[in-house]
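Student: I would like to see how this sequence folds:
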Amino acid sequence: MDLDTIHTLQAYGYVIATAFCVIMMYGYIYHLYSSEKKGTRDYEKYANIALDDELDSKPLETTSPWDKKKNKGEKKHV
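Tutor: Residues are numbered from 1 along each chain as shown. So this is what the prediction gives:
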């Protein structure tokens, strides 16, 4: 391969990688807005983490996502 072919392939790779990153970014933005609109997450409370960073501050979530998945399969006894 000559140098011009390598530069052409490099340019195509750059354009494809840039397009992929743009598509992923817009997909992530869509995910954030749609999950907030559905009510599954409230991202505004996560934005306040930097402001409320004391040791005795209240946790954002009471259980971890792993505990939620584990408890989902179990039936609660009353």
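
Student: going forward, measure contacts between C-alpha atoms and count neighbours the same way
Tutor: Fine.

Student: average pLDDT across stretch 48-59?
Tutor: Average pLDDT, stretch 48-59: 78.

Student: What is the distance between that stretch and the centre of its chain?
Tutor: Using C-alpha atoms, centre = their mean, to the nearest Å, the mean C-alpha position of stretch 48-59 is found 21 Å from that of the whole chain.

Student: now swap in stretch 50-67 and tell me
Tutor: On C-alpha atoms, centre = their mean, the centre of stretch 50-67 falls 18 Å from that of its chain.

Student: center of the chain - which residue?
Tutor: Y28 (6.4 Å; C-alpha atoms, centre = their mean).

Student: any idea how far S35 is from it?
Tutor: 11 Å (C-alpha to C-alpha, to the nearest Å).

Student: likewise S64?
Tutor: 18 Å.

Student: next one: T5
Tutor: The gap separating T5 from S35 is 45 Å, by C-alpha to C-alpha.

Student: Which one's more surrounded, these two?
Tutor: Shown here are T5 and S35; by other C-alpha atoms under 10 Å, S35 has more neighbours (13 against 10).

Student: which SSE is that one in?
Tutor: Using DSSP states H and E, S35 sits within helix 3-38.

Student: Just give me how far that helix sits from the chain centre.
Tutor: Taking mean C-alpha positions (C-alpha atoms, centre = their mean), helix 3-38 and its chain are 16 Å apart.

Student: got the CA coordinates for the helix or strand Y46 falls within in PDB?
Tutor: Element membership of Y46, judged by DSSP H and E, is helix 43-47. Only the C-alpha atoms of helix 43-47 are listed here, as PDB (Å, rounded to 0.1, in the frame of the first residue of the first chain):
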ATOM      1  CA  TYR A  43     -31.300  12.700  37.600                       C
ATOM      2  CA  GLU A  44     -31.700  16.100  39.300                       C
ATOM      3  CA  LYS A  45     -31.000  14.500  42.700                       C
ATOM      4  CA  TYR A  46     -27.800  13.100  41.300                       C
ATOM      5  CA  ALA A  47     -26.800  16.500  40.100                       C
END
